[in-house]
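Peer 1: Give the three-dimensional model of this entry:
(one chain, ligands or ions: 1)
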Amino acid sequence: MKQGGSDAAKQAAGESAAEAVEDGMIVGLGTGSTAAHAIRAIGQAVDAGLDVVGVPTSFQSRQLARDCGIPLADLEDVSVDLAIDGADEVAGGNLIKGGGAAHAREKIVDASADRFLVVADPTKETDVLSHPVPVEVLPMARSTVAASVESLGGDPALRRAERKDGPVVTDNGNLVLDCNFGPIDDPAALASDLAALPGVVEHGLFVDMADEIHVGTPDGVTVRPLLE
Ligand SMILES: O=C(CO)[C@H](O)[C@H](O)COP(=O)(O)O
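Peer 2: Next comes the predicted model:
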């Protein structure tokens, strides 16, 4: 995961996107340190009287939203007006997500939203996606998916936990293969190849899904459309 961005830049991006939240909205709450700033800003607005309901994309975003006093709902009971989420890499209208292993739920919530805003610091922007693509797999499919990723030209690595022995286990009870394909010339083609592999729950390529990006710096925020 690219982690070069400053927290001030992430905060500026998160707070900028949170300003798009309007009274009465159902809001998809992304995962990661940049989305967390948006959640905190929404929580402050709720304290000040804003009436919104959040749909979290992970255990982490659920806990933070609860701590911030944001009322929550499940996706089966509401439809999302606006989602705000971070990214590990952004090139044109395409993203790589899943640095927090939350990309399966993130994709479900973000894709369901009427509008999806990406929040990022400038280190996430690039011309061509080349970050390893996180692929969530059913545990029994780890080796078969790894072999298929190699046939697609990728180099899969099981994501290991930092504070425990063994692999990262997602909120859904699955494993993550970080698959390095080098520069990705055709993200849409790779996205469909990965999605077609038996045992793949979800991958972190988000192709043409986001409407707008808020790129923060300590000195200000650039907002621009991602979907034409
Ligand atoms: O996709 C994600 C989690 O699965 C995050 O949004 C992504 O990793 C960016 O995180 P951060 O804002 O901490 O850099």
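
Peer 1: For the rest of this, base every contact and every neighbour count on C-alpha atoms.
Peer 2: Fine.

Peer 1: What is the neighbour count of D186?
Peer 2: By the criterion of other C-alpha atoms under 10 Å, D186 has 10 neighbours.

Peer 1: Look up phi and psi at it.
Peer 2: Backbone torsions of D186, given as degrees, to the nearest 10, read phi -130, psi 80.

Peer 1: Distance of it relative to the ligand?
Peer 2: Separation of D186 from the ligand (C-alpha to the nearest ligand atom, to the nearest Å) stands at 20 Å.

Peer 1: What segments of the protein are strands?
Peer 2: 26-29, 53-56, 82-85, 89-91, 94-96, 115-120, 133-137, 155-158, 175-180, 200-203, 205-207, 212-217, 220-225 (DSSP state E).

Peer 1: bridging residues for V223?
Peer 2: Judged by DSSP bridges, the bridge partners of V223 are H214.

Peer 1: That one touches D211, doesn't it?
Peer 2: No. The criterion here is C-alpha atoms under 8 Å, and V223 misses it with D211 at 10.7 Å.

Peer 1: neighbours around G216, how many?
Peer 2: For G216, the number of neighbouring residues by other C-alpha under 10 Å comes to 27.

Peer 1: Contact partners for it?
Peer 2: Residues near G216 by C-alpha atoms under 8 Å, 6 or more residues apart in numbering: A8, A9, K10, Q11, A12, A13, G14, V119, A120, D121, P122, T222.

Peer 1: Filter those residues down to just the buried residues.
Peer 2: A8, A9, K10, Q11, A12, A13, G14, V119, A120, D121, P122 (16 or more other C-alpha atoms under 10 Å).

Peer 1: ok, those vs R159, which is closest?
Peer 2: Of all the buried ones among the contacts of G216, R159 sits closest to A120, with 23.0 Å by C-alpha to C-alpha.

Peer 1: thought that closest one was touching V215?
Peer 2: Yes. Between A120 and V215 there is a contact under C-alpha under 8 Å: 5.0 Å.

Peer 1: Quickly list what's touching both of these two.
Peer 2: Both A120 and V215 are in contact with A9, A13, where contact means C-alpha under 8 Å, 6+ apart.

Peer 1: Can you give me the domain assignment for the chain?
Peer 2: Per the record, the chain has its domains at 7-126+208-225, 133-203, by automatic domain parsing.

Peer 1: Burial-wise, tell me which of the ones you listed comes out on top.
Peer 2: Mean neighbour count (mean count of other C-alpha atoms under 10 Å) peaks for domain 7-126+208-225 among the domains of the chain, with a mean of 21.

Peer 1: How far away from the center of its chain is it?
Peer 2: Distance of domain 7-126+208-225 from its chain centroid, counting by C-alpha atoms, centre = their mean, to the nearest Å, is 8 Å.

Peer 1: when you scan it, is anything in it near the ligand?
Peer 2: Yes. On the criterion C-alpha under 6 Å from any ligand atom, domain 7-126+208-225 is in touch with the ligand at 31-35, 85-88, 97-103.

Peer 1: Which residues are in contact with H203?
Peer 2: Applying C-alpha under 8 Å, 6+ apart to H203 gives the contacts G98, H103, A104, V133, P134, V135, E136, A191, L194, A195.

Peer 1: Need the residues you listed in a markdown table (columns: pLDDT).
Peer 2: A markdown table is the format used below for the contacts of H203 (pLDDT from 0 to 100):
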| residue | pLDDT |
| --- | --- |
| G98 | 98 |
| H103 | 98 |
| A104 | 98 |
| V133 | 98 |
| P134 | 98 |
| V135 | 98 |
| E136 | 98 |
| A191 | 98 |
| L194 | 98 |
| A195 | 98 |
